[in-house]
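missing the sequence, but the structure's below:
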């Protein structure tokens, strides 16, 4: 646990939060939590580093927002593993944004097939971005395109209850709308 063995946090693992470990911590006093989660109290940084060294673990700064900052005695690799696991779990819960692209000249049957595909996405908990690209003279017939998207949304609503998160919006290259499952 000497200073030579400290490795900086890998750049691609924790993108948003800089994690300080061992001698990278700049606070004079820290609140220490041991590896089992028991609070050891406020102590100087040197005392906390000694306790971590005695156990053969790292002193990891969990939060710097508190006064004094909270540090935990834990294996740094294990800490990174759990942080990444939490981040992935959070991404799963929020649901992805899937895209369904409709065409200006799309037939009724093709719209039904797209609606069934959209239903599968909605049942998984994903949001859907409905896009319709307009080219050339199609741009002059925006009202027809809007009606086509509304018809698709109505078709989808007959299969599964949906909620329109963002209404149909004109963009430079076409129209978009975002819908989600209404539970």
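Noted; the coordinates are in hand. Keep in mind it's a predicted model, so treat the numbers as computed, not measured.

List the buried residues for the helix or strand of the chain with the lowest mean pLDDT?
Ranked by mean pLDDT, DSSP states H and E, the weakest helix or strand in the chain is helix 76-94, scoring a mean of 79. Neighbour-count burial for helix 76-94, counted by 16 or more other C-beta atoms under 10 Å, picks out 76, 79-80, 83. The way it works is simple: take the backbone N, C-alpha and C, and place the C-beta from them, glycine included.

Tell me the backbone dihedrals of the residue of the chain most remote from its centre, please.
Distance from the centre of the chain peaks at residue 137, with 39.2 Å (C-alpha atoms, centre = their mean). Note on residue 137: backbone dihedrals following degrees, to the nearest 10 are phi -70, psi -10.

can you pull the contacts of it?
The contact partners of residue 137, by C-beta atoms under 8 Å, 6 or more residues apart in numbering, come to none.

Any figure for the gap between it and residue 144?
As judged by C-beta to C-beta, to the nearest Å, residue 137 and residue 144 stand 11 Å apart.

With residue 57 instead?
66 Å.

So the two - more neighbours on which side?
Between residue 57 and residue 144, counted using other C-beta atoms under 10 Å, the more crowded position is residue 57 (20 against 11).

Isn't that one up against residue 75?
Yes: counting by C-beta atoms under 8 Å, residue 57 does reach residue 75; the two are 5.6 Å apart.
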